[in-house]
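*Asks:* Structure for the following, please:
(chains A and B)
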Number of protein chains: 2
Amino acid sequence: MSEYIEHDIGGVSVGMVEKKYFTFAEPPNPMILESSACLGPITIAYETLGTLNKEKSNVILILHALSGDSHVAGYYSEADPKPGWWDIMVGPGKGIDTEKYFVICSNIIGSCMGSTGPSSINPASGNPYGFDFPVVTIGDMVKAQKALLDHLGINKILSVIGGSIGGMQVLEWVVRYPDMVVSAIPLATTTRHSALAIAFNEVARQAIMADPNWNKGKYYGSSKPNLGLALARMVGHVTYLSDEAMRRKFGRRLQNKSDFSFNFDADFQVESYLRYQGQKFVERFDANSFLYITKAADYFDLRRQHGNGSEAEAFAKAQARFLVISFTSDWLYPTYQSRAMVKAMKKNNLDVSFCEIEAEWGHDAFLLPNQRLSALIRGFLGRNFDELN
Amino acid sequence: MSEYIEHDIGGVSVGMVEKKYFTFAEPPNPMILESSACLGPITIAYETLGTLNKEKSNVILILHALSGDSHVAGYYSEADPKPGWWDIMVGPGKGIDTEKYFVICSNIIGSCMGSTGPSSINPASGNPYGFDFPVVTIGDMVKAQKALLDHLGINKILSVIGGSIGGMQVLEWVVRYPDMVVSAIPLATTTRHSALAIAFNEVARQAIMADPNWNKGKYYGSSKPNLGLALARMVGHVTYLSDEAMRRKFGRRLQNKSDFSFNFDADFQVESYLRYQGQKFVERFDANSFLYITKAADYFDLRRQHGNGSEAEAFAKAQARFLVISFTSDWLYPTYQSRAMVKAMKKNNLDVSFCEIEAEWGHDAFLLPNQRLSALIRGFLGRNFDELN
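*Replies:* Next up, the predicted model:
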């Protein structure tokens, strides 16, 4: 999500990668969702990097956040201007070393990045699903990823890794398929959204649904709810940054001006930044997907779904070793939430390492270059790989 | 701003009050605004409570926040269901005792609560100003209030008091008219908005301006941009509360349901609360006023306007005694901003008391019943009154 910092990524990229597709849950055998609704056929877009070893013991599953996709690292072509979203972390010699590990990154259902979502064609009508798409949960997303892993013939995951909503998928993986997951790295995430996080998502959703172009989700082929989606993204960007990050990055600096405009132009750099982020986002993301994925994140509640209301009980089935990471300036999923998660894991005698990383960039910190983060992940993966092999 | 907590206000209300109007800056002598634009005639709505003493030494000027008005306490009629917005603080025997003090509460220009603002008739066109209304600043608001005080024959203010944007007006008063102000109580406020505060305001403004009904500010007499204004208010409400306040008030509690709806209804109480607040707000507030007042708050920068960039220099002319109050859970104007203000005041050898009040209700805490707050204000006013008299 952090397109906003143009950083020298350094190091070597993994090179060329290819987006692949796997389709399953073909009628008459659709997937039964948590809501009891049926969905199928389901396509999942995914990418792989590195080579699966003979023992199939070097699999890393990376799961993306709200607006991410399967394109975790590398380039699609020589002409591709930008690498995947976590190229700083994934590649030869990097924190997640593609010379050693076989990396799979799966897009989530509900998204608009190649997997089945509200913009996909509904076989029942021949038109895009729109708001006829069923509400999917983090559990449903993970269930679909499990089908992908089965398809790839993989039954052991050395480590499942993800930040934010990707981290929720990590937590869902470890409790839903405990036998498969050797280790897990939930980053900048939570076992359940706070009221504050739900509030921000709700404001963003209302912004989309208030746009007349949204038209109850039926806008494919006509004008899109770009103003609403841009607003939703602006709300999101405020939550990804922190008070401190904003002060350092923008302060009260004016945009190309020595004085106030005394009109409603973007006087301050922070205003112009938010408008730009909003406008850029509508070019690449679908408004309905934004609605569905944020709803899935709000619904996610590990203790409700797996623990009868108890955070400790939620992790009762988990077997994985954990590296839990939070960031000091993340106010969307503050460290106290990671600490509660770690406590619950420990109550189940799980092997847990926890690290709160000093970072000034807010929630998005997990996507930014950070030597300490790379070193932590590299070390944790190496230890788990050695013990498994 | 805190309609959300139905509290037993206790004590005795001030009784019946009346909204009054003062009009000045009649053409050809309009008021010259900070932007150099001219505005006039200007009407200010105000209310008074208590009795001005012979010495005119018991004047308290109360200044309201974004969506407030001149109706600070008491009722307009026997049938009036609710008293003014700070009735818990202002009345006989209350923190600001109307049996002792003469209280004036002035509405701000730019507002829609009786004073001249974008919804007022533009004499040049005979139609509402709309977006032809000039951008006004906190300085302009205070300059207009000064005209009101002159009109009332008052040249000494025992104390000027206000929270949030009302607190900005307090700070502007003490540096703009230092000879007039004996003491000042800026509550839950800042000498300038952080990038975060500007960001929230900008998202709220964009929400209004994205509503097709907004129509570049020309909507009077036709459909109003209610969806946009409701969204803006929702953004505001997220900032008025705190993470902790939201957790206590809403947590993840569901709205009238035992399970998720698996659609886009308001599943969580916090969603339903925000939608309700948004819908209620549009009945009483004007979207253009929201734009103008938030812009004024974003522009407000005491050190830029009065201190050549230095916070200490900004207070160089001030003579008032100060009681500065912040609230622990206020993340819109966090305590560190009040501390910086206090430090700057002390550098000028001003008489300053500072208190950070433990409160879990976020920015809105200054509007809620708080024994400590009432006692602090009562004591501070009493001491200043005794020394003046």
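*Asks:* At which residues are the strands of chain A located?
*Replies:* Assigned by DSSP state E, the strands in chain A fall at A:20-24, A:31-32, A:38-39, A:42-49, A:59-63, A:90-91, A:96-97, A:102-106, A:121-122, A:127-128, A:159-163, A:183-187, A:321-327, A:352-357.
*Asks:* Could you say which one of those strands comes nearest to B:W173?
*Replies:* Closest to B:W173 of the strands of chain A, according to C-beta to C-beta: strand A:321-327, at 41.2 Å. Placement of C-beta: from N, CA and C, glycine included.
*Asks:* What segments of the stretch 201-350 of chain A are helices?
*Replies:* Counting by DSSP state H, counting those that start in this stretch, the segments of the stretch 201-350 of chain A that form helices are A:226-240, A:243-249, A:269-282, A:287-299, A:302-306, A:311-314, A:335-347.
*Asks:* got CSV for those, with mean pLDDT and distance to chain B too?
*Replies:* Shown next, in CSV, are the helices of the stretch 201-350 of chain A (pLDDT from 0 to 100; distance: least, C-beta to the nearest C-beta, whole Å):
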stretch, mean pLDDT, distance to chain B
helix A:226-240, 96, 4
helix A:243-249, 90, 4
helix A:269-282, 97, 4
helix A:287-299, 98, 6
helix A:302-306, 96, 8
helix A:311-314, 97, 13
helix A:335-347, 98, 9
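*Asks:* Tabulate those helices in JSON lines, adding columns for distance to B:D301 and mean neighbour count.
*Replies:* As requested, the helices of the stretch 201-350 of chain A are arranged in JSON lines below (distance: least, C-beta to C-beta, whole Å; neighbours: other C-beta atoms under 10 Å in any protein chain shown):
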{"stretch": "helix A:226-240", "distance to B:D301": "21", "mean neighbour count": "26"}
{"stretch": "helix A:243-249", "distance to B:D301": "14", "mean neighbour count": "18"}
{"stretch": "helix A:269-282", "distance to B:D301": "14", "mean neighbour count": "20"}
{"stretch": "helix A:287-299", "distance to B:D301": "35", "mean neighbour count": "25"}
{"stretch": "helix A:302-306", "distance to B:D301": "45", "mean neighbour count": "20"}
{"stretch": "helix A:311-314", "distance to B:D301": "45", "mean neighbour count": "19"}
{"stretch": "helix A:335-347", "distance to B:D301": "33", "mean neighbour count": "19"}
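*Asks:* Between the strands of chain A, which one is closest to A:N226.
*Replies:* Distance to A:N226, taken as C-beta to C-beta, is lowest for strand A:127-128 among those, at 16.7 Å.
*Asks:* Which elements pack onto that closest one?
*Replies:* Secondary-structure packing of strand A:127-128 (3 or more C-beta pairs under 8 Å, 6 or more residues apart in numbering or on different chains; DSSP states H and E): strand A:121-122.
*Asks:* So what are the sheet partners of the strand it packs on and their directions?
*Replies:* Using DSSP bridges, the strands paired with strand A:121-122 are strand A:127-128 (antiparallel).
*Asks:* what comes into contact with the partner strand?
*Replies:* Contacts of strand A:127-128 with the rest of the structure, by C-beta atoms under 8 Å, 6 or more residues apart in numbering or on different chains, involve A:118-122, A:220-221.
*Asks:* Is there a quick ChimeraX command that grabs whichever of the residues you listed are buried?
*Replies:* What follows is the ChimeraX syntax for the buried subset of these, where burial is set by 16 or more other C-beta atoms under 10 Å in any protein chain shown:
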select /A:118,119,120,220
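*Asks:* Out of the contacts of strand A:127-128, which is nearest to chain B?
*Replies:* The shortest approach to chain B among the contacts of strand A:127-128 belongs to A:P118, at 11.5 Å (C-beta to the nearest C-beta).
*Asks:* Spell out which residues sit in contact with the closest one, please.
*Replies:* Contacts of A:P118 by C-beta under 8 Å, 6+ apart are A:110, A:112, A:128-131, A:133, A:217, A:286, A:288-289, A:291-292.
*Asks:* what do you get for A:V352?
*Replies:* Neighbouring residues of A:V352 by C-beta under 8 Å, 6+ apart: A:321-324, A:342, A:345-346.
*Asks:* which residue sits closest to the residue of the stretch 51-200 of chain A found nearest chain B in space, ignoring its chain neighbours?
*Replies:* As assessed by C-beta to the nearest C-beta, chain B sits closest to A:A195 within the stretch 51-200 of chain A, at 3.7 Å. Excluding its sequence neighbours, the residue lying closest to A:A195 (C-beta to C-beta, 6 or more residues apart in numbering or on different chains) is B:M246, at 3.7 Å.
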